[in-house]
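Asks: Show me the folded form of this:
(one chain, ligands or ions: 1)
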Amino acid sequence: MLEFRNVSFSYNGDSWVLRDINFSVEKGEFVSIIGSNGSGKSTIARLSNGLLLSQKGEVFLDGNSLKDIDINRMAKFKVGVVFQNPDNQFVGITVEDDLAFGLENMGLERNQIQMKILEISEKLGIKSFLHFPPSLLSGGEKQKVAIASVLILEPDYIIFDEVTSLLDPINRKMILKTIREISVGKGVLYITHHPEETVFSDRIIVLNEGYIVKTGTPYEVFGDVDFLASVNVSNLNEAIFSKKLLESGLIERFSLNLEEIVSE
Ligand code: ADP
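Replies: Residues are numbered from 1 along each chain as shown. Down below sits the predicted model:
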């Protein structure tokens with residue numbers, strides 16, 4: 001379990017950007033965080049794998065505090081983070097090099113690495129461009145490679161931090177589908193400022209100015225649109241759309257446009 005207990009965080013030691021944050025993500029659970037820009041979502045992502053350490057409270061990974069240096073080191077493997085901009089995450093000259101990088105660092109043998117690359121690239125549909133430099137890929141393809149390079153390390157938990165925000169609607173849909181497929185059995189923290197992307201979650205956490213202001217099932221969270229409006233949740237129209245989607249019972253035919261599903 002990945003658990004935040006009474007976590008507060010400040011970048012400058014003066015003003016708190018997260019205040020008394022409490023939540024947990026179990027293996028097999030899909031938990032989303034929504035909130036407007038600057039509400040503290042990315043800071044939660046960075047605290048989840050020890051990239052940042054909290055000044056107050058603690059983050060626990062399977063019962064151990066990330067402030068313990070050995071656990072913190074292990075967290076880099078157990079908790080994978082996929083960020084908004086895949087261009088900042090590529091380390092290899094080709095997609096294949098990129099996928100091999102983490103495994104080489106772990107000391108795996110060449111043929112084991114090859115097998116894992118083959119398996120993951122088939123799973124994510126990126127096999128045909130393994131020998132391409134990442135710069136030649138589309139935004140959606142790049143994000144798939146970024147997800148594959150995290151997934152190949154077999155983390156128990158994956159944090160997705162605004163991974164669709166640079167994508168067009170077609171690629172957004174494709175990446176959302178991919179994320180749902182690969183998330184089975186993992187603990188997922190899905191961070192977004194697009195409320196509509198979270199309708200499949202087991203739980204949604206609403207963050208506002210560093211505080212958790214609501215936690216609940218998608219139905220509970222989007223059922224109270226007036227509350228969401230009052231806490232300045234990003235993109236209220238999407239929250240209203242999400243409510244309609246849930247009420248329509250068409251959630252499994254997810255689209256980013258309700259009209260499209262209804263007219264199918
Ligand atoms: P979100 O992901 O919801 O947009 P962030 O976690 O990125 O929010 O930011 C929360 C607050 O912390 C914002 O006020 C932001 O300006 C501030 N902040 C983020 N990163 C840094 C940093 N490296 N140094 C100082 N302040 C930061």
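
Asks: Name the SS class of the most centrally placed residue in the chain, please.
Replies: Among the residues of the chain, the one closest to the centroid is residue 160, at 1.5 Å (Cα atoms, centre = their mean). Secondary structure, DSSP: H, G, I helix; E, B strand; the rest coil: residue 160 is strand.

Asks: which residues does it bridge with?
Replies: Counting by DSSP bridges, residue 160 is bridged to residue 82, residue 190.

Asks: Get me the contact residues on the protein for the ligand.
Replies: Counting by Cβ under 6 Å from any ligand atom, the chain comes close to the ligand at 11, 17, 35, 37, 38, 39, 40, 41, 42, 43. Quick note: C-beta positions are derived from backbone N, CA and C, even for glycine.

Asks: Mean pLDDT per helix and strand in this structure: which one sits at the bottom?
Replies: helix 258-262 (a mean of 54; mean pLDDT, DSSP states H and E).

Asks: got the residue ranges for the helices in the stretch 51-200 of the chain?
Replies: Assigned by DSSP state H, counting those that start in this stretch, the stretch 51-200 of the chain shows helices spanning 69-78, 95-105, 110-124, 139-151, 169-182.

Asks: Show me the shaky parts of the stretch 101-250 of the chain.
Replies: The stretch 101-250 of the chain contains no residues with pLDDT under 70.

Asks: Let's see that with 90 instead.
Replies: 102, 105-107, 123-125, 138-140, 165-178, 180-182, 193-196, 199-200, 223-250 (pLDDT under 90).

Asks: one step back: pick the most buried one from the helices of the stretch 51-200 of the chain.
Replies: Highest mean neighbour count among the helices of the stretch 51-200 of the chain (mean count of other Cβ atoms under 10 Å): helix 139-151, with a mean of 23.

Asks: That one relative to helix 95-105, how many degrees between them?
Replies: 20 degrees (axes from the mean of the first three to the mean of the last three Cα atoms, to 10 degrees).

Asks: now for helix 139-151, which elements pack on it?
Replies: strand 79-82, helix 95-105, helix 110-124, helix 169-182 (3 or more Cβ pairs under 8 Å, 6 or more residues apart in numbering; DSSP states H and E).

Asks: Reformat the ones you listed as JSON lines; add distance to residue 89.
Replies: Below are those laid out as JSON lines (distance: least, Cβ to Cβ, whole Å):
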{"stretch": "strand 79-82", "distance to residue 89": "8"}
{"stretch": "helix 95-105", "distance to residue 89": "8"}
{"stretch": "helix 110-124", "distance to residue 89": "15"}
{"stretch": "helix 169-182", "distance to residue 89": "14"}
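
Asks: and stretch 123-135, which residues are buried?
Replies: 124, 126, 129, 130, 134 (16 or more other Cβ atoms under 10 Å).

Asks: The ligand: which of those residues is nearest?
Replies: residue 134 (24.3 Å; Cβ to the nearest ligand atom).

Asks: Surely residue 151 and residue 158 touch.
Replies: Yes. Using Cβ atoms under 8 Å, residue 151 is in contact with residue 158, at 7.3 Å.

Asks: Now do the shared contacts for those two.
Replies: Overlap of the contact sets of residue 151 and residue 158 (by Cβ atoms under 8 Å, 6 or more residues apart in numbering) consists of residue 80.

Asks: Which phi and psi values does the nearest residue to residue 229 once chain neighbours are set aside adopt?
Replies: Using Cβ to Cβ, 6 or more residues apart in numbering and skipping the chain neighbours, the partner closest in space to residue 229 is residue 236 (5.5 Å). Backbone torsions of residue 236, given as degrees, to the nearest 10, read phi -60, psi -30.
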